[in-house]
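Trainee: got a sequence here, can you build the structure:
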Amino acid sequence: MKTKFIVVGTGNRGLGCFAKGLLAFDTKGLPEFRERADLVALVDTNEKRGRAAAVEIKLPDLPVFPDIASASAAVDADWAIVTTPDFTHADVVCAALKSGLNVLVDKPLATSAWECDRIISTMNDTGRKVLVGHNMRYQDYTLQAAKLVRSGGIGEILSLEAAEVLDYSHGGDYFHRWHSIFGKSAGLMNHKCCHHLDVINWILDDDPVEVSAFGTRSFYRERPDMKHGDRCSECGISGSCPHYFDMDKWDGIYRRIYKDAESADGYVRDLCVFSERHTINDHESLNIRYRKGTLASFYLLTYAPKEFSYFYFTGTEGRMEMGHDSATGKPYLRVLRPSGAVEEIAFEKGRGEHGHGGADIKLIADILGLEGSEPLQRAVPAEARRAVLIADLAARSIAGGGRPVKAEEAGGDYPPEPPRPQ
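Mentor: Numbers count the residues shown, from 1 in each chain. Purely as a prediction, here's the structure:
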């Protein structure tokens, strides 16, 4: 018997990863997914986008509903896959659980620790399952790293340094859209870096207990000297701007699901990145203290010429380094021993044409019960909450001038947005 799914949110992630993945579109899913999965409905508050998404997946008659309650009342389903904007996750996930559905919610779990607690409470009350789409766990090099550290391969972890450095295209893209409003994303430390924070927490298998942070917005500010327009598709310098977002790239899918659906809700996908409408930071620096004593530093930058990341775990018996090389972009994983020896750790290379190097496919396969993943890789809400908690504490610290904020200070309200840059 096939597992029946409702995809909630038909933007790029819901459509491109999950809907097409479940239906085994080329480079998005595996042929055996067709034998295990059945997509029975789409949900989107923007009916035009929902209908356009149904056409994109070659199921023009697939029912499209405005909310999960309407969908679950009309169709028989087992799971809801939630890919709506972050600030809606708590409401949508809880509604799905109360409708009797299990839920896969794409990362982050929510936009605050207290919303995570609400989801966890509803999950426990209903007896339904919730999994979180932390797909970075499904990349082989992170799995090998987790096994190595958790098994004591470099001894007790004393410290770690990590960073997510994004280029103009990747980092800047968040400033084209809803993510640049703190009330909708809780900032990029939550929306984007929850990937990396989750991997750190997961590899350490530990809980963050205190965070101090600084951050501001220095680059994505209004630039009248550039004589730019309000949006890329109506801008006179689009041909020379490295931040230009082309609605017609990738066969024009963004035009069909976003531009052509604007009249329904007014959402614009290609707003200029240089604006004072933003209420999030474009770079932040965090210090994190863990329950077992590990001290960590984490840095986010969104406007580098070239993109890379790194994670350095230093233990009593060696140092593990992993990330993506800044010159080549290739992933690496190695261990440095006190003797001076360097051990290169073998891992399966991801497939670039598949979502997140094949991690998205492995995530879907795991939900469907197919071989190829391990229980260790599944992110449950209590674990996913730890990444949200770090971002929540960081926001409180930044708003408080960098003061250390303990975990007990979150969980009762929404974190404050960062101060406006001077």
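Trainee: rest of the way, CA atoms for contacts and neighbours
Mentor: Will do.
Trainee: mean confidence for stretch 148-161?
Mentor: Average pLDDT, stretch 148-161: 98.
Trainee: export only the CA atoms of that stretch, formatted as CSV.
Mentor: In CSV, the C-alpha atoms belonging to stretch 148-161 read as follows (Å, rounded to 0.1, in the frame of the first residue of the first chain):
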residue,chain,number,x,y,z
LEU,A,148,33.7,9.4,14.4
VAL,A,149,33.1,12.0,17.1
ARG,A,150,30.3,10.1,18.9
SER,A,151,32.5,7.0,19.1
GLY,A,152,35.3,8.9,20.8
GLY,A,153,37.5,9.0,17.8
ILE,A,154,39.2,12.3,18.8
GLY,A,155,38.5,12.0,22.5
GLU,A,156,36.5,14.5,24.6
ILE,A,157,35.5,17.5,22.4
LEU,A,158,36.9,20.7,24.1
SER,A,159,36.2,23.3,21.4
LEU,A,160,35.0,23.9,17.9
GLU,A,161,35.1,26.6,15.3
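Trainee: so where's the longest helix in the chain?
Mentor: Criterion DSSP state H: the longest helix present in the chain is helix 381-399.
Trainee: okay, now the sheet partners of the helix or strand just after that one, with direction.
Mentor: Moving toward the C-terminus from helix 381-399, the next helix or strand (DSSP states H and E) is strand 405-406. Sheet pairing of strand 405-406 (DSSP bridges) gives strand 208-216 (antiparallel).
Trainee: what sits up against the partner strand?
Mentor: 201, 280-291, 386, 389-390, 393-395, 397-398, 401-407, 418-421 (C-alpha atoms under 8 Å, 6 or more residues apart in numbering).
Trainee: of the residues you listed, grab the buried ones for ChimeraX.
Mentor: For the buried members of these, the matching ChimeraX selection, counting by 16 or more other C-alpha atoms under 10 Å, is:
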select :201,280,281,282,283,284,285,286,287,288,289,290,386,389,390,393,394,395,397,398,402,404,405,406,407,418,419
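Trainee: got the CA positions of stretch 290-299 in PDB?
Mentor: Presented in PDB, the C-alpha positions along stretch 290-299 are these (Å, rounded to 0.1, in the frame of the first residue of the first chain):
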ATOM      1  CA  TYR A 290      27.400  23.300  25.700                       C
ATOM      2  CA  ARG A 291      26.200  21.300  28.700                       C
ATOM      3  CA  LYS A 292      29.200  18.900  28.600                       C
ATOM      4  CA  GLY A 293      31.600  21.900  28.600                       C
ATOM      5  CA  THR A 294      32.400  22.300  24.900                       C
ATOM      6  CA  LEU A 295      32.900  25.900  23.800                       C
ATOM      7  CA  ALA A 296      32.000  26.800  20.200                       C
ATOM      8  CA  SER A 297      32.300  29.700  17.900                       C
ATOM      9  CA  PHE A 298      30.100  30.100  14.800                       C
ATOM     10  CA  TYR A 299      30.200  32.800  12.100                       C
END
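Trainee: quick revisit: elements contacting the longest helix of the chain?
Mentor: Secondary-structure packing of helix 381-399 (3 or more C-alpha pairs under 8 Å, 6 or more residues apart in numbering; DSSP states H and E): helix 113-126, strand 130-133, helix 188-191, helix 194-204, strand 208-216, strand 405-406.
Trainee: quick one, that helix and helix 113-126 angle?
Mentor: Direction vectors for helix 381-399 and helix 113-126, defined by axes from the mean of the first three to the mean of the last three C-alpha atoms, to 10 degrees, enclose an angle of 160 degrees.
Trainee: could you give the angle of helix 381-399 to helix 194-204?
Mentor: Going by the same axes, to 10 degrees, helix 381-399 makes 120 degrees with helix 194-204.
Trainee: CSV for the helices and strands packed on helix 381-399, including mean pLDDT?
Mentor: Putting those into CSV (pLDDT from 0 to 100) gives the following:
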stretch, mean pLDDT
helix 113-126, 98
strand 130-133, 98
helix 188-191, 98
helix 194-204, 98
strand 208-216, 98
strand 405-406, 98
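Trainee: out of these, which one sits most buried?
Mentor: Neighbour counts (mean count of other C-alpha atoms under 10 Å) averaged over each of these peak at helix 188-191, with a mean of 26.
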